[in-house]
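> Here is a sequence with its predicted model. Questions after.
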Amino acid sequence: MHYNRMDLTNSRETENQTSVQEFILLGFPGTWYFRMSLVVLFSVMYMLTILGNVSIIALVWTHPQFHTPMYFFLCNLSFLEIWFTTACVPKAIGVMLGTSQTISFTVCLLQLFFFLSMGSTECFLLAVMAYDRYLAICHPLRYSSLMNSTIIVWLALISWLCGFLAISVLASLISRLSFCGPNIINHFVCDIDSWIALSCTDTSLIELAAFIISIIVVVVSCAITLVSYFYIISTILRIPSAQGRQKAFSTCSAHLSVVTIWYGSITFLYVKPTAQSSLDLNKTINIFSTVVTPILNPFIYTLRNKEVKEALAKAFSRM
């Protein structure tokens, strides 16, 4: 049996393209003290994130006065934040400790899928929460009929389904990429920009798909949120009494704070036509969406809400 030189070359190229079966996460290079400081910081913030979001879910579950659409969506958001940060932070801590820097192709793809899916779901949930506040403030007499138990369950379910379905398309495309080396990911998580930078195959289709999905998920959900708040602020400004305006604004100020932080970071990271940007800068900005925002959500919603603070104080006094 005879093989020509072209066949042998193609065989070697195919073998090289499928040779990378695992990646090495670089994390944050630096001195041992710098990395240990980050480990402590990430660990404390992760524990506070879990504690804060679990406390919100338990509080709403055990107190009937919080069985309202607003707190139902807040529970969904808290549940999402628990898994969103769990998909990234424990692995990041292992990377910085130097005990878990390698990650297989399959696990890396799964982390990317859940990381982006839950991030997309958060965009839709924040838009739904803004719409809920719009109905509560702009149409208070019709609010109970417009936001009944069936509708809120469907809105939450659609948010989760849309978030995961949108990223399923992108994950399917990414799974077809080939990697010939190097296999070092300049990040603490499996981020899409890092995958595109390492791939030795054409990534133009994936970059286009990622841009279109980002536009659909981020821009559309952000537009719904902004339009809702435009009508909310317009309605609040027409309230004659200063006390009435303050009370109305207090019901949505916490959500507005979370929205500003969240959309500010993810718009920079994902709404761009190409992935060829600074991976070091992306890694730094990603800290806000993966570590900072999940811990801020429970504190912002509780510290700005008098009812929640009182209920928490009573719960801790009993304990």
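That came through, no problem.
> Tell me how many other residues crowd residue 24.
Residue 24 has 13 neighbours, counted by other C-beta atoms under 10 Å. For the C-beta atoms, the positions are set from N, CA and C on the backbone; glycine is no exception.
> For the chain, give me the ranges with low pLDDT.
Low-confidence segments of the chain, defined by pLDDT under 70: 1-20, 244, 247-255, 265, 267-281, 301-306, 308-313, 315-319.
> can you map out the helices along it?
Assignment of helices within the chain using DSSP state H yields the ranges 5-17, 32-62, 69-86, 89-97, 105-138, 143-146, 149-174, 192-198, 204-214, 220-237, 242-270, 279-287, 293-303, 306-318.
> can you list the ones you listed in CSV and add distance to residue 23 and mean neighbour count?
Formatted as CSV, the entries for the helices of the chain read as follows, by distance: least, C-beta to C-beta, whole Å; neighbours: other C-beta atoms under 10 Å:
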stretch, distance to residue 23, mean neighbour count
helix 5-17, 15, 11
helix 32-62, 19, 16
helix 69-86, 20, 21
helix 89-97, 11, 21
helix 105-138, 6, 21
helix 143-146, 48, 13
helix 149-174, 13, 16
helix 192-198, 8, 21
helix 204-214, 17, 17
helix 220-237, 31, 17
helix 242-270, 20, 17
helix 279-287, 14, 17
helix 293-303, 24, 21
helix 306-318, 42, 12
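> Name the nearest residue to residue 224, ignoring sequence neighbours.
In space, residue 224 comes closest to residue 127 once its chain neighbours are excluded; the distance is 4.2 Å by C-beta to C-beta, 6 or more residues apart in numbering.
> Tell me who's in contact with the one you found.
Contacts for residue 127 were tallied using C-beta atoms under 8 Å, 6 or more residues apart in numbering; they are 159, 220-222, 224-225, 228.
> between these, which is nearest residue 131?
Within the contacts of residue 127, distances to residue 131 taken as C-beta to C-beta reach their minimum at residue 228, with 5.4 Å.
> and of the helices of the chain, who's closest to residue 26?
Among these, the nearest to residue 26 by C-beta to C-beta is helix 89-97 (7.8 Å).
> Taking helix 105-138 as reference, get the angle to the closest one.
Regarding helix 89-97 and helix 105-138, their directions subtend 130 degrees when assessed with axes from the mean of the first three to the mean of the last three C-alpha atoms, to 10 degrees.
> which residues does the spatially most central residue of the chain contact?
Taking C-alpha atoms, centre = their mean, the centroid of the chain lies closest to residue 119, which sits 2.7 Å from it. Under the criterion of C-beta under 8 Å, 6+ apart, the neighbours of residue 119 are 84, 163, 266, 289.
> quick one: contacts for the third one?
I take that to be residue 266. With contacts taken as C-beta under 8 Å, 6+ apart, residue 266 has the following neighbours: 119, 123, 218, 289.
> For burial, what's the neighbour tally of the last one?
The criterion is other C-beta under 10 Å. On that basis, residue 289 has 24 neighbouring residues.
> The one 3 residues further on too?
The criterion is other C-beta under 10 Å. On that basis, residue 292 has 16 neighbouring residues.
> State the distance from it to residue 42.
Counting by C-beta to C-beta, to the nearest Å, the separation of residue 292 from residue 42 is 11 Å.
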